[in-house]
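> dropping the sequence and predicted coords here.
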Amino acid sequence: SSSSSWTKLHVTPNDGTTSKPLHQAKFCLGVERGFSDPNGTILKIAKMINGPDALTAPQHDDEVQDIKNSLRMDGQGKYGLLSRGDAECFLRLPKEGYIDWVWDVAPGYLILKEAGGTMTDVRGRPIDFSDIGGAERRAKLPDHVKGILGSCGGVFHDALVEAHAEVEQIL
């Protein structure tokens, strides 16, 4: 009989003194920018965290600016990459009025939390999955959740929350 063993996932160490410095944080983002970041807020946050050279310079008219140190993919895989230390920051800032479905957030929350990471709303508040939409929207997150910040935690998460707050004041 064969025995299989599981390896516990661990996020990037998040105290800012070991492994990876904050300014080298890798962003893991959705592919559809118009859905997950319609206002370009994430690009501004990346510049605040990674520094002034964080973004690509478009070479052609049809090319869009992007975060140099980033991975883009759809689906729950983003949470897996954060959970195994392949990225440090995840942001999902949907268009105004859109409320996420619980099943789009809860599995990633659990995986990330078990690996030592953090997920909050954009204000840094914990997401309470018991406080879902009410009788008319039982499968939606609470209305006050205007976006999701996920990270390896510690100084990385603090920087995401602070940068988002600063960018929102600018917008």
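Happy to help now that I have it.
> my read: residue 73 touches residue 32, true?
No - the criterion here is Cβ atoms under 8 Å, and residue 73 misses it with residue 32 at 10.8 Å. (Each C-beta comes from the backbone N, C-alpha and C, glycine too.)
> and the nearest residue to residue 14 once chain neighbours are set aside, how many neighbours?
In space, and not counting its chain neighbours, residue 14 is closest to residue 154: 2.9 Å by Cβ to Cβ, 6 or more residues apart in numbering. Residues lying near residue 154 (other Cβ atoms under 10 Å) number 20.
> cool, and the one 4 residues further on?
Each residue near residue 158 was counted by other Cβ under 10 Å, and the total is 16.
> so which residues of this structure form helices?
Here the chain has its helices, by DSSP state H, at 33-36, 41-50, 77-83, 106-114, 154-170.
> now residue 161: how far from residue 116?
To residue 116, residue 161 is 18 Å away according to Cβ to Cβ, to the nearest Å.
> what about the strands in this structure?
27-29, 70-72, 89-92, 118-121, 148-151 (DSSP state E).
> so where is the protein shaky, pLDDT-wise?
By pLDDT under 70, the weakly predicted segments of the chain are 1-3, 15-18, 133-137, 171.
> centroid residue for it?
Nearest to the mean C-alpha position of the chain, counting by Cα atoms, centre = their mean, stands residue 90 at 1.7 Å.
> you'd agree that residue is up against residue 82?
Yes - if you go by Cβ under 8 Å, residue 90 and residue 82 touch, sitting 5.7 Å apart.
> name the residues contacting each of these two.
Listed as contacting both residue 90 and residue 82 by Cβ atoms under 8 Å, 6 or more residues apart in numbering are 28, 150, 151.
> and of those residues, the nearest to residue 166?
Distance to residue 166, by Cβ to Cβ, is smallest for residue 151 among the shared contacts of residue 90 and residue 82, at 16.5 Å.
> how about the closest one: what's its closest non-neighbour residue?
residue 157 (4.2 Å).
> next one: residue 42
Residue 42 sits nearest to residue 91 (Cβ to Cβ, 6+ apart), 5.0 Å away.
> residues contacting that neighbour?
Counted by Cβ under 8 Å, 6+ apart, residue 91 has contacts 27, 29, 36-37, 41-42, 45, 147-150, 160, 164.
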